[in-house]
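Asks: Here's my sequence, what's the structure:
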Amino acid sequence: MVPDALTWDASERAAAVAHRLLFVHATSPLDLARLQQLRPDVLLGKVVGSGHFLTLAVPQRVNAILDRHLGICAAA
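Replies: Coordinates of the predicted model:
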């Protein structure tokens, strides 16, 4: 299962999502330029100083990103 997850191309699904998209990361193996090409409306939230467990390490930063995203969605 893990090898499939690492090679799975989610491009079609990412492009087809009808909702606003927020991608929160600390460091990402994801091709962010490709994601922005597929979804020009994507909001990117980079959490600094957290490592892998960002919601545990810096919950205030993650919550601030989520609050901003929800505010943008509510205003739209």
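Asks: For the rest of this, base every contact and every neighbour count on C-alpha atoms.
Replies: Will do.
Asks: now the helices for the chain?
Replies: Under the criterion DSSP state H, helices of the chain are mapped to 2-7, 11-16, 32-38, 54-57, 59-75.
Asks: Please convert those helices to JSON lines, extending it with mean neighbour count.
Replies: Conversion of these to JSON lines gives the following (neighbours: other CA atoms under 10 Å):
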{"stretch": "helix 2-7", "mean neighbour count": "8"}
{"stretch": "helix 11-16", "mean neighbour count": "12"}
{"stretch": "helix 32-38", "mean neighbour count": "13"}
{"stretch": "helix 54-57", "mean neighbour count": "14"}
{"stretch": "helix 59-75", "mean neighbour count": "14"}
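Asks: Relative to residue 75, how far out is the residue nearest to the spatial centre of the chain?
Replies: Centroid check for the chain by CA atoms, centre = their mean gives residue 23 as the closest residue, at 0.9 Å. Applying CA to CA, to the nearest Å, the value for residue 23 to residue 75 is 19 Å.
Asks: And the pLDDT for the residue nearest to the centre of the chain?
Replies: Residue 23 is assigned 89 on the pLDDT scale.
Asks: Residue 72 too?
Replies: Confidence score, pLDDT, at residue 72: 89.
Asks: measure it to residue 66 for me?
Replies: Distance of residue 72 to residue 66, given as CA to CA: 10 Å.
Asks: Now do the shared contacts for these two.
Replies: Common neighbours of residue 72 and residue 66, using CA atoms under 8 Å, 6 or more residues apart in numbering, do not exist here.
Asks: thinking again about what came up before, nearest to residue 45, of the helices of the chain?
Replies: Nearest of these to residue 45, taken as CA to CA: helix 59-75 at 6.3 Å.
Asks: Could you name the helices and strands sitting against that closest one?
Replies: Packing partners of helix 59-75 (3 or more CA pairs under 8 Å, 6 or more residues apart in numbering; DSSP states H and E): strand 22-25.
Asks: that older thread, among the helices of the chain, which gets the worst mean confidence?
Replies: Among the helices of the chain, helix 2-7 scores lowest, with a mean of 66.
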